[in-house]
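Asks: Sequence unavailable; structure follows:
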């Protein structure tokens with residue numbers, strides 16, 4: 001028996017004072033049976049953190065050569081490639097060649113990814129940004145997962161605040177280079 005994707009409908013009030021972005025987002029997220037909740041939640045929060053009108057989710061597992069999210073120009077160039085989790089060095093190398101900017105958003109210990117890619121051949125590795133989402137925020141969201149959700153997402157001063165079901169979780173967004181110098 002084949003399992004089908006679970007659809008989640010989210011209404012997100014986004015207030016990102018760090019970038020001057022204030023939007024109400026209506027998202028329909030398909031979560032593949034093999035996709036864990038932390039991965040899906042990180043995808044959605046990455047969408048919020050990097051929101052601009054052209055941002056889009058890729059086709060997911062149906063298109064393994066595409067990132068989790070991206071921003072493409074009208075002429076098809078990839079302006080922003082956002083991967084989630086722990087992509088391989090080979091995948092990051094291809095992303096560095098394909099996109100003007102590459103970001104990895106993770107919900108795991110970033111040092112694991114940094115160690116895994118250290119010394120590997122990655123195009124423009126020093127320019128790849130690594131963003132770690134606070135696990136306490138993801139844990140709180142996971143505990144309240146539903147097919148229909150309303151979130152308020154606030155980003156200010158490098159802090160992330162997410163309110164859902166009357167409960168607010170907060171934590172620091174850690175941004176650092178994928179490859180640390182020295």
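Replies: Looks like it arrived, so ask away. Values in this document were obtained by computation on a predicted structure and should not be read as measured data.
Asks: Residue ranges in this protein under the pLDDT threshold?
Replies: By pLDDT under 70, the low-scoring segments of the chain are 1-2, 60-63, 181-182.
Asks: Name the surrounding residues that touch the longest helix along it.
Replies: Identified as the longest helix of the chain according to DSSP state H is helix 37-49. Surrounding helix 37-49, the residues in contact under the criterion C-beta atoms under 8 Å, 6 or more residues apart in numbering are 8, 10, 12, 14, 16, 25, 27, 29, 31, 55, 57, 68-69, 82, 84-85, 103, 105-107, 131, 133, 137-138, 141-142, 145, 153, 155, 160, 162, 173. All C-beta spots, glycine's among them, are computed from the backbone N, C-alpha and C.
Asks: Weed out the non-buried ones from those residues.
Replies: With neighbours counted by 16 or more other C-beta atoms under 10 Å, these contain buried members at 8, 10, 12, 14, 16, 25, 27, 29, 31, 55, 57, 68-69, 82, 84-85, 103, 105-107, 131, 133, 137-138, 141, 153, 155, 160, 162, 173.
Asks: Which of those fall within helices?
Replies: Reading helices off the buried ones among the contacts of helix 37-49 with DSSP H, I get 137, 138, 141.
Asks: quick one: the second one from residue 127, how far?
Replies: For residue 138, the distance to residue 127 (C-beta to C-beta, to the nearest Å) stands at 26 Å.
Asks: The first one too?
Replies: Remark: distance between residue 137 and residue 127 (C-beta to C-beta) = 27 Å.
Asks: How about residue 8: which residues does it bridge to?
Replies: Beta-bridge partners recorded for residue 8 (DSSP bridges): residue 29.
Asks: Now for it: which residues touch it?
Replies: When contacts are counted by C-beta under 8 Å, 6+ apart, residue 8 is found next to 27, 28, 29, 30, 31, 40, 145, 146, 147, 148, 149.
Asks: Grab the nearest non-local neighbour of residue 25.
Replies: Leaving aside its chain neighbours, residue 25 sits nearest to residue 12 (4.3 Å; criterion: C-beta to C-beta, 6 or more residues apart in numbering).
Asks: whoops, residue 6 was the one
Replies: The spatially closest residue to residue 6, leaving aside those adjacent along the chain, is residue 31, at 4.7 Å (C-beta to C-beta, 6+ apart).
Asks: could the contacts of residue 8 go into JSON lines alongside distance to residue 3?
Replies: Rendered in JSON lines, the data for the contacts of residue 8 read as follows (distance: C-beta to C-beta, whole Å):
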{"residue": "27", "distance to residue 3": "22"}
{"residue": "28", "distance to residue 3": "18"}
{"residue": "29", "distance to residue 3": "16"}
{"residue": "30", "distance to residue 3": "12"}
{"residue": "31", "distance to residue 3": "11"}
{"residue": "40", "distance to residue 3": "15"}
{"residue": "145", "distance to residue 3": "17"}
{"residue": "146", "distance to residue 3": "19"}
{"residue": "147", "distance to residue 3": "16"}
{"residue": "148", "distance to residue 3": "21"}
{"residue": "149", "distance to residue 3": "21"}
